[in-house]
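Enquirer: kindly generate the corresponding structure for this input.
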Amino acid sequence: MKGKGVACQCDRSFAFTARASKVDVGAPPSAGAFDQRPSSGPTNFRRFYDRGDFPIALEHDTKGNKIAWKVEIEKLDYHHYLPLFFDGLKETEHPYDFFARQGVHDMLEHGGNKILPVIPQLIIPIKSALSTRNPKVMCTTLKILQHLVVSAPAVGEALVPYYRQILPILNIFKNKNLNSGDGIDYSQQKRENVGDLINETLEAFERSGGHDAFINVKYMIPTYESALLN
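Expert: Take a look at the predicted model:
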């Protein structure tokens, strides 16, 4: 017991000395929640593209660039190609980013009943893209998610069990607006404001996810308010 008393007295003496000398311990370090994550290496999408394994080519018209598909999109093996194109959403370099983004939109537009069975294979690429914390990649992925939930019947409901994997990053960035003075108006016009796109995406999840969607979104993102009850 005597030893404990000496230790306590030393602790009090140290604390008093630190306060008396006004030691500046500095501000706590940044948690880095919004910091971009480094790339883990080339994506599978890039590898396949560089090998020429995709039936696609770049085509120019009066409206800009688009994908020229060498086969009918409806005849593609969605279990093989759709996850690969989703994997490419992490890309930020041309032409990989363009082909991945536009390829996903094209396949969602024409996939019909081929999309729903592939949902489990899309979760890891979606989570991986959002986890880069790269604003450009996040905006692209959020727009894709909005398209995904309306691409075919029951897709929105099929995503509900995966909210725990998708929504944590959205919870971090929900109120993160890319505000740089007047530049926020420009970003809103181009739909490149992360916070606004997250709110749009959560509303799309609620509308398409069935009666369990709201409570599951609310569980993961407590600040979310229903778009249907307002």
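
Enquirer: which secondary structure element of this structure has the lowest mean pLDDT?
Expert: Least confident helix or strand of the chain, by mean pLDDT, DSSP states H and E, is helix 183-189 with a mean of 44.

Enquirer: for the protein, just list every one of the helices.
Expert: 2-20, 44-50, 78-87, 96-110, 119-131, 135-148, 155-159, 163-173, 183-189, 194-208, 213-220 (DSSP state H).

Enquirer: got the contact list for the most centrally placed residue in the chain?
Expert: Taking C-alpha atoms, centre = their mean, the centroid of the chain lies closest to Leu130, which sits 2.5 Å from it. Taking C-beta atoms under 8 Å, 6 or more residues apart in numbering as the criterion, Leu130 is in contact with 137-138, 141, 166, 169-170. (C-beta placed from N, C-alpha, C; glycine too.)

Enquirer: so what pLDDT did it get?
Expert: What the model reports as pLDDT for Leu130 is 96.

Enquirer: and it, how far from Ile56?
Expert: 25 Å (C-beta to C-beta, to the nearest Å).

Enquirer: which residue packs closest to Val160, ignoring adjacent ones?
Expert: Among residues not flanking Val160 along the chain, Gly209 sits closest, at 4.9 Å (C-beta to C-beta, 6 or more residues apart in numbering).

Enquirer: touching, that neighbour and Pro161? I think so.
Expert: No - assessed by C-beta atoms under 8 Å, Gly209 is found out of contact with Pro161, at 10.2 Å.

Enquirer: between the two, point out the one with more neighbours.
Expert: It is Gly209, of Gly209 and Pro161, that has more neighbours when counted by other C-beta atoms under 10 Å, with 20 against 13.
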